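1. sequence? don't have it. structure:
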């Protein structure tokens, strides 16, 4: 069977990460996603170098597989007319420009709705399309700081602020946007009308503070960073063993009992300081020191084998290349081989959602700059003479 949203046509006017993540999710689910890149230069990630493979940026190829690509100058009247003709046949437009940019180009939502009442416009921005910050540009680093995320990330209070290693607000905003698009498609099936979908990096950062926001709401106190530890349960963190670091998740009474059994320190349960999660949290520093001394007695491999036998959640701390080689990664097809016209074979991250019946797309290449422009326009009803004229005038590439 085809993908679950096979037949949905998406025009992606987005670059770098948040918008392309949304387009990537929709493409994997079976949508036809056409990436429309600016002239000159295209998506800025084409210049996120190094690394590259035969001149193609690895960052661009990672975010744009499964899409067809065209280059279009929307700053020209002719380019805008090309886009409007494509909108007539499209279902979704994804964009991550600053507020008002589409309106200045003459293709804001009200205009798009006149062209195609069923169109869904998905807008991804730094702070959302309303509120006092709506006109500000946004980046992941800024969103992580303003959303409170950086205040809870890091080793401990008093240390320099630290962001999450991955651009988590960009990626999450893209996933939230894709969720919004899917919901709007379901709503359209009932109402027959499209609508705007609006999310932001700022809101994506906020949703990652669920536990810490619960604490702040209940106590009025803003929690700080805890390293790898958990703000509500213990022990639940990384520990150093005889040779490496591992993670241990004894997050409830059942797993706590499994941990002390595996460590051979069942007497800890008889100690009132550690008899319940509330008591363990109150005495977490003392508990951590006790566990640290025990875990340093054996290697990571020895502990992980024993913990797995006991049914205790645990795991190694992999590098990204070690994650690539993990048998679970391979079994779940989370690293896939894709081909690029210039770069050749390239390893990309696969689709993280699996379906029992419908398939997902994950192995089509990312487009070189303007690779599919002519074929896309032919598919959308343009004549060869029109395409040649647009090419000569520099409106398309």
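-> Alright, I've got the coordinates. Computed from a prediction, not measured in an experiment: that's the story for all the values here. Residues are numbered from 1 along each chain as shown.
2. from now on I want contacts and neighbour counts done on CA atoms only, so please keep to that.
-> Will do.
3. tell me which element residue 33 falls in.
-> strand 32-37 (DSSP states H and E).
4. where does the stretch 251-397 of the chain dip in pLDDT?
-> 362 (pLDDT under 70).
5. in it, which spans are strands?
-> 314-316, 335-340, 344-349 (DSSP state E, counting those that start in this stretch).
6. what comes into contact with the first one?
-> The contact list for strand 314-316 (Cα atoms under 8 Å, 6 or more residues apart in numbering) reads 245-249, 300, 304, 307-308.
7. at 7 Å instead, please
-> With Cα atoms under 7 Å, 6 or more residues apart in numbering as the test, strand 314-316 has contacts from 245-249, 304, 307.
8. so how far is that strand off the chain centroid?
-> Averaging C-alpha positions (Cα atoms, centre = their mean, to the nearest Å) puts strand 314-316 23 Å from its chain's average.
9. same question, stretch 150-158
-> 23 Å.
10. contacts for that stretch next, please.
-> Contacts for stretch 150-158 (Cα under 7 Å, 6+ apart): 144, 161-164, 223-227.
11. can you check stretch 250-259 too?
-> Contacts to stretch 250-259, defined as Cα under 7 Å, 6+ apart, come from residues 233-236, 310, 312.
12. got the buried residues for that stretch?
-> 250-251, 255-259 (16 or more other Cα atoms under 10 Å).
13. CSV for those residues, including distance to residue 76?
-> As requested, the buried residues of stretch 250-259 are exported to CSV (distance: Cα to Cα, whole Å):
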residue, distance to residue 76
250, 60
251, 58
255, 63
256, 65
257, 68
258, 66
259, 65
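14. returning to that earlier point: neighbour-wise, which of the contacts of stretch 150-158 leads?
-> residue 144 (27 neighbours; other Cα atoms under 10 Å).
15. report the secondary structure state of it.
-> helix (DSSP: H, G, I helix; E, B strand; the rest coil).
16. any idea how far it lies from residue 161?
-> 10 Å (Cα to Cα, to the nearest Å).
17. go on, residue 188?
-> 44 Å.
18. and if you look at residue 82?
-> With Cα to Cα as the criterion, residue 82 and residue 161 are 46 Å apart.
19. ok, now residue 21?
-> 27 Å.
20. swap in residue 121?
-> 36 Å.
21. then residue 135?
-> Taken as Cα to Cα, the span from residue 135 to residue 161 is 26 Å.
22. name the SS class of residue 102, please.
-> Once three-state DSSP is applied, residue 102 turns out helix.
23. okay, now the domains of this structure?
-> By the assignment in automatic domain parsing, the chain contains the domains 9-208+327-393, 236-240+245-316.
24. okay, these, which one's buried deepest?
-> Among the domains of the chain, the stretch with the highest mean neighbour count (mean count of other Cα atoms under 10 Å) is domain 9-208+327-393, at a mean of 19.
25. how about the secondary structure of the most centrally placed residue in the chain?
-> By Cα atoms, centre = their mean, the chain has its centre lying nearest to residue 171, at 2.4 Å. Of the three states, residue 171 takes helix under three-state DSSP.
26. now it, nearest residue through space, not along the chain?
-> residue 18 (5.6 Å; Cα to Cα, 6 or more residues apart in numbering).
27. does the one you found really touch residue 173, like I thought?
-> Yes. Residue 18 is in contact with residue 173 according to Cα atoms under 7 Å; the separation is 5.9 Å.
28. quick one, helices of the stretch 251-397 of the chain?
-> 253-263, 277-282, 284-295, 300-310, 320-325, 327-331, 373-379, 384-393 (DSSP state H, counting those that start in this stretch).
29. err, the stretch 1-150 of the chain, not the other one
-> Per DSSP H, counting those that start in this stretch, the stretch 1-150 of the chain carries helices over the ranges 18-28, 58-63, 77-87, 101-105, 109-115, 140-146.
30. mind putting those in CSV, distance to residue 369 included?
-> Shown next, in CSV, are the helices of the stretch 1-150 of the chain (distance: least, Cα to Cα, whole Å):
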stretch, distance to residue 369
helix 18-28, 15
helix 58-63, 11
helix 77-87, 17
helix 101-105, 22
helix 109-115, 26
helix 140-146, 25
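31. can you pull the pLDDT of the residue nearest to the centre of the chain?
-> For residue 171, the model assigns a pLDDT of 98.
32. kindly report the same for residue 141.
-> In this prediction, residue 141 has a pLDDT value of 97.
33. how close does it sit to residue 163?
-> Residue 141 is 7 Å from residue 163, by Cα to Cα.
34. try residue 222
-> 17 Å.
35. over to residue 307?
-> Counting by Cα to Cα - residue 307 and residue 163 are separated by 31 Å.
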